[in-house]
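> Sequence first, then the predicted structure, then my questions.
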Amino acid sequence: MGYRVGIDIGGTFTDFVIIDDDGEVTLWKEDSTPDDPMEAIEEGLRAVSDHLGTSLEALLEASEAFVHGSTIATNTLIQRDGGPAGLLCTQGFRDVLLFRDGFKPERFNVHLKRPDDFVDRYLRLDVPERINVDGDVLVELDEGAVRSAAAHFRETGVKAIAVAFLWSVVNGTHEDRAAEILREELPGVDVLCSKDVLREIREWERTSATVLSAYVLPKIGDYLRRLEGFLDEKRLAHPAQYMQINGGCASVEEIMQRPVNTLGSGPAAAPAAAAFHLAPGTNGRSNGAAAQGAANVITIDMGGTSFDVCLIREGRPTMSRSIQVEFQPIGVSGVEVQSIGAGGGSIAWIDTGGALRVGPQSAGARPGPACYGAGGEQPTVTDANVVLGYLSPTAFLGGRRTLREDLATSAVASGVGDPLGLDAIHGAAGIIEVVNANMVGGIRSVSVERGIDPRGYMLVSGGGAGGLHAARLARQLGMRQVMIPPEASTFCAFGMTVTDVRHDYTLSHHALSNDMDISAFDAPFAQLEGKARERLRRDGFRDEQIHLERSVDARYRNQIHELTIPIPGDEHYGPEQLETILSTFHGEHESQFTYSLPDVPVEFLHWRLAAIAESPRVPRPAAAAADDPMAAGQAALTGEREAYFPEFGEKVATPVYTMSRLAPNATIRGQAIVESPNTTLVINPGDEVDVLDGGRLLVTVGAAG
């Protein structure tokens with residue numbers, strides 16, 4: 001029996017997904033261990049192995065893929081506990097990080113403090129060297145100055161060095177030589193070159209990406225080396241892969257060269273999970289309705305700490321190269337995920353004006369919400385869901401943890417109810433109303449605020465807490481359909497098991513559409529594609545598994561921002577291909593900005609290649625569909641409990657169903673609660689749930705209220 005393993009380290013839980021050759025899926029959640037993430041991984045893998053009736057060694061030895069994502073790099077930047085790192089740059093340009101792009105992050109905020117640098121000025125050293133825009137050497141590299149810089153870095157104890165010279169994207173010889181000298185002088189210190197991290201123009205972005213990589217590398221490098229050592233010791237059959245911000249995974253070797261790709265690596269797996277469940281070729285009575293939303297989807301992932309939102313338009317997730325962490329650009333193209341502090345562990349509090357607020361502070365994994373009984377005393381979203389009757393105190397995590405309703409009620413009453421003159425139930429209802437408003441704002445930020453009407457989109461809900469809120473969020477946004485995958489509680493970890501391996505390559509070359517020889521790109525693209533195929537072959541992929549996608553960054557002349565548009569993958573470029581590229585650009589520009597300028601020359605900057613190796617298609621176990629939808633729904637009824645719904649203003653008797661007992665074609669009408677070992681779905685009055693093949697639940701939302 002072979003397995004695919006996906007592991008996602010979150011702020012509260014570390015999620016595990018194991019898929020065998022028959023498509024059977026095992027889900028597991030383990031408390032995260034922020035002080036040492038390896039601890040949760042080891043405990044979780046042993047627990048999953050025991051659950052499967054095998055040993056850890058046997059599980060890993062039979063694993064055909066092991067994909068991992070974490071928040072380590074992101075947290076390192078947010079907490080500023082990485083480095084220390086040094087920067088070696090061209091003489092006269094040591095303050096590129098200080099001057100940034102000439103703008104403040106919030107241009108009209110006169111009170112905004114300048115963001116702190118990740119490399120202090122005394123660790124930013126410049127050396128004589130100069131290459132021009134054409135790649136010609138104007139000033140030879142002063143190797144003596146590089147050795148002097150190495151001595152300074154040695155004295156100050158840096159653990160990693162970023163090398164970022166002007167125009168290294170067109171001629172990287174000086175960066176290569178400087179890195180060679182630094183490695184010779186400073187054995188054991190990691191050295192990264194900007195031409196390898198981000199081979200693109202714009203000095204601040206390229207320098208920032210390299211500095212951020214150097215800053216997080218000591219911590220993430222130590223972690224990955226420990227992880228690889230542990231997996232090797234336990235006989236993992238194939239090298240581990242790491243989730244990247246671009247939505248694909250890559251080997252640890254690739255990650256060590258471009259650590260910036262690990263930022264936001266966990267949430268970037270959400271589109272792959274959604275695509276798997278919305279792919280054509282499935283059967284089920286309601287699958288036609290599901291297919292309507294397959295191309296346009298908004299994914300949400302509500303875990304213990306954060307609420308992540310991603311928009312998928314026409315089958316593709318929104319990608320961005322303007323993503324920043326701590327006001328610093330990461331430079332690389334990544335899946336755009338909007339994250340807010342609205343998870344199950346988000347703390348409810350009363351501000352100085354007497355208003356109820358929720359988050360962004362979180363109770364985390366330890367001590368966690370008050371209902372965990374682990375010492376938490378402040379009211380959280382999870383506590384509110386317990387008080388309102390949505391979460392069963394005895395069914396949480398499949399019964400592995402008992403929730404204390406008395407502690408939840410006490411925390412909500414003292415922290416919210418008493419200050420606002422409310423009882424515990426209405427205090428809890430207020431917490432849910434506020435956190436829902438926060439999450440609606442997060443969804444609007446990726447849709448309405450960009451001119452996209454979410455009412456034409458399907459909401460795909462992930463995260464252990466997502467199903468408690470998803471139908472209500474959809475109702476407030478006017479969305480008509482919500483899909484709850486069976487792996488919703490471990491949504492991103494599941495996405496890692498079905499995601500593709502991906503490597504991105506860039507060719508920097510400036511050209512104008514009215515004065516260019518497009519055939520000149522035949523040879524460079526052929527060279528990039530040869531390099532990409534060879535890299536994926538070394539990872540063990542066959543040519544028929546490899547897919548190449550070309551794109552280009554384009555803009556109208558004198559614009560400062562560009563669009564990345566797909567371009568033909570022909571081996572030969574000529575006038576016909578150029579016309580196709582221009583037509584695509586004008587159409588995309590009009591779609592996003594409501595106008596186009598067909599008579600204005602188009603400027604091209606970066607020519608891109610994405611090399612993708614498709615993961616094996618995971619089979620979906622088939623189950624017999626029910627003949628009578630309503631009767632099949634009632635067959636999964638296991639009892640009822642009192643639960644609060646705003647439509648009634650009080651707790652009412654609510655049927656409770658067991659998710660695993662729902663056959664395809666079954667139907668449930670709200671109000672109702674559907675439970676599984678790792679997640680709970682709240683169905684509001686007027687909503688209806690249809691069960692699709694593969695255990696997917698499709699909620700049709702009733703009238704807005």
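Ah, there it is.
> Strands of the stretch 451-600 of the chain, residue ranges please.
Along the stretch 451-600 of the chain, the stretches classed as strands by DSSP state E, counting those that start in this stretch are 458-462, 481-484, 501-512, 546-556, 563-566.
> Then the stretch 101-250 of the chain?
With DSSP E, counting those that start in this stretch as the criterion, the stretch 101-250 of the chain has strands spanning 124-127, 130-131, 137-139, 160-164, 190-193, 241-243, 249-251.
> Repeat that for the stretch 601-705 of the chain.
Using DSSP E, counting those that start in this stretch, strands in the stretch 601-705 of the chain cover 602-613, 637-645, 650-658, 667-669, 672-675, 680-683, 688-691, 697-700.
> Make a markdown table from those strands and add distance to Gly144, mean pLDDT and mean neighbour count to it.
Where you see a C-beta, it was placed from the backbone N, CA and C, and this is true even at glycine. As requested, the strands of the stretch 601-705 of the chain are arranged in a markdown table below (distance: least, CB to CB, whole Å; pLDDT from 0 to 100; neighbours: other CB atoms under 10 Å):
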| stretch | distance to Gly144 | mean pLDDT | mean neighbour count |
| --- | --- | --- | --- |
| strand 602-613 | 35 | 91 | 21 |
| strand 637-645 | 74 | 95 | 15 |
| strand 650-658 | 73 | 95 | 17 |
| strand 667-669 | 76 | 93 | 21 |
| strand 672-675 | 70 | 95 | 23 |
| strand 680-683 | 66 | 95 | 25 |
| strand 688-691 | 72 | 93 | 24 |
| strand 697-700 | 68 | 94 | 23 |
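> Could you dump these into TSV with distance to Gly462 added?
Output for the strands of the stretch 601-705 of the chain, formatted as TSV (distance: least, CB to CB, whole Å):
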stretch	distance to Gly462
strand 602-613	23
strand 637-645	22
strand 650-658	20
strand 667-669	20
strand 672-675	16
strand 680-683	12
strand 688-691	17
strand 697-700	12
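> which one of these lies closest to Pro454?
Nearest to Pro454, of all the strands of the stretch 601-705 of the chain, is strand 697-700, at 15.2 Å by CB to CB.
> For that closest one, what is the distance to the chain centroid?
24 Å (CA atoms, centre = their mean, to the nearest Å).
> Can you list the strands that that strand pairs with?
strand 481-484 (antiparallel), strand 688-691 (antiparallel) (DSSP bridges).
> sorry, back to before: export the strands of the stretch 101-250 of the chain to a markdown table and tack on mean pLDDT and mean neighbour count?
A markdown table is the format used below for the strands of the stretch 101-250 of the chain (pLDDT from 0 to 100; neighbours: other CB atoms under 10 Å):
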| stretch | mean pLDDT | mean neighbour count |
| --- | --- | --- |
| strand 124-127 | 96 | 21 |
| strand 130-131 | 96 | 20 |
| strand 137-139 | 96 | 12 |
| strand 160-164 | 97 | 29 |
| strand 190-193 | 96 | 22 |
| strand 241-243 | 90 | 27 |
| strand 249-251 | 86 | 24 |
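> And those strands: which comes nearest His152?
strand 124-127 (6.3 Å).
> quick one: strands adjacent to that closest one?
strand 85-90 (parallel).
> Give me the helices and strands touching the very next helix or strand once past the strand it pairs with, please.
Downstream of strand 85-90, the next assigned helix or strand under DSSP states H and E is helix 96-99. On a contact count with 3 or more CB pairs under 8 Å, 6 or more residues apart in numbering; DSSP states H and E, helix 96-99 meets helix 203-233.
> Average pLDDT for the helix it packs on, rounded please.
What helix 203-233 shows for mean pLDDT is 92.
> Same list, the strands of the stretch 101-250 of the chain, but as a markdown table with distance to Arg557 please.
Formatted as a markdown table, the strands of the stretch 101-250 of the chain follow (distance: least, CB to CB, whole Å):
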| stretch | distance to Arg557 |
| --- | --- |
| strand 124-127 | 33 |
| strand 130-131 | 25 |
| strand 137-139 | 27 |
| strand 160-164 | 28 |
| strand 190-193 | 31 |
| strand 241-243 | 38 |
| strand 249-251 | 36 |
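> what's the residue closest to the geometric middle of this structure?
For the chain, Pro267 is the residue whose C-alpha lies nearest the centre (CA atoms, centre = their mean; 2.0 Å).
> residues in contact with that one?
Counting by CB atoms under 8 Å, 6 or more residues apart in numbering, Pro267 makes contact with Asp301, Asp308, Cys310, Val335, Val337, Ser339, Cys492.
> Quick check: Tyr644 touching Gly427?
No. In this structure Tyr644 lies outside contact range of Gly427 using CB atoms under 8 Å: 11.2 Å.
> what helix or strand does Ile312 sit in?
strand 307-313.
> Can you give the distance of that strand from its chain's centre?
On CA atoms, centre = their mean, the centre of strand 307-313 falls 9 Å from that of its chain.
> ok, it: who's next to it in the sheet?
strand 297-302 (antiparallel), strand 316-317 (antiparallel), strand 338-340 (antiparallel).
> Provide the contact partners of stretch 252-260 at residue level.
By CB under 8 Å, 6+ apart, stretch 252-260 touches 73, 192, 196-198, 209-210, 212-214, 216-217, 220-221, 224, 228, 239-242, 244-245, 261-262, 330-332, 503.
> Can you select the buried ones from those in ChimeraX?
To isolate the buried subset of these in ChimeraX, counting by 16 or more other CB atoms under 10 Å, use the following:
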select :73,192,196,197,198,209,210,212,213,214,216,217,220,221,224,240,241,242,244,245,261,262,330,331,332,503
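> Strands of the stretch 301-450 of the chain, start to end?
Using DSSP E, counting those that start in this stretch, strands in the stretch 301-450 of the chain cover 307-313, 316-317, 319-320, 324-325, 328-329, 334-335, 338-340, 346-350, 356-362.
> In a markdown table, list those along with mean neighbour count, mean pLDDT and distance to Glu614.
Shown next, in a markdown table, are these (neighbours: other CB atoms under 10 Å; pLDDT from 0 to 100; distance: least, CB to CB, whole Å):
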| stretch | mean neighbour count | mean pLDDT | distance to Glu614 |
| --- | --- | --- | --- |
| strand 307-313 | 24 | 91 | 18 |
| strand 316-317 | 18 | 84 | 16 |
| strand 319-320 | 16 | 83 | 19 |
| strand 324-325 | 17 | 82 | 30 |
| strand 328-329 | 22 | 85 | 30 |
| strand 334-335 | 26 | 88 | 18 |
| strand 338-340 | 18 | 86 | 28 |
| strand 346-350 | 22 | 95 | 37 |
| strand 356-362 | 20 | 90 | 36 |
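> my read: Thr667 touches Ala632, true?
Yes. Judged on CB under 8 Å, Thr667 makes contact with Ala632 at a distance of 7.3 Å.
> hang on, Leu681 packs against Leu697?
Yes. Applying CB under 8 Å, one finds Leu681 in contact with Leu697, separated by 6.5 Å.
> anything in contact with each of the two?
With CB under 8 Å, 6+ apart as the test, Leu681 and Leu697 both reach Ile484, Met659, Val674, Val689.
> Next up, the contacts around the spatially closest residue to the first one that is not a sequence neighbour.
Beyond its immediate neighbours in the sequence, the residue positioned closest to Ile484 (CB to CB, 6 or more residues apart in numbering) is Leu697, lying 4.2 Å away. Taking CB under 8 Å, 6+ apart as the definition of contact, the neighbours of Leu697 are Met483, Ile484, Met659, Leu662, Val674, Leu681, Val689, Asp690, Val691.
> dump the residue contacts of Met496.
Gly6, Ile7, Asp8, Val17, Val67, His68, Gly69, Met243, Cys249, Ala269, Ala272.
> just to revisit the earlier point, beta partners of the residue nearest to Ile484?
Assigned bridge partners for Leu697, using DSSP bridges, are Ile484, Val691.
> What separation is there between it and Ala672?
11 Å (CB to CB, to the nearest Å).
> shared neighbours, the two?
Joint contacts of Leu697 and Ala672 (CB under 8 Å, 6+ apart) are Val689.
> Who are the contact partners of the spatially closest residue to Gly247 that is not a sequence neighbour?
Using CB to CB, 6+ apart and skipping the chain neighbours, the partner closest in space to Gly247 is Val335 (4.6 Å). Contact analysis of Val335 by CB under 8 Å, 6+ apart lists Ile245, Asn246, Gly247, Gly264, Pro267, Ala268, Ala270, Pro271, Cys310, Pro317, Thr318, Met319.
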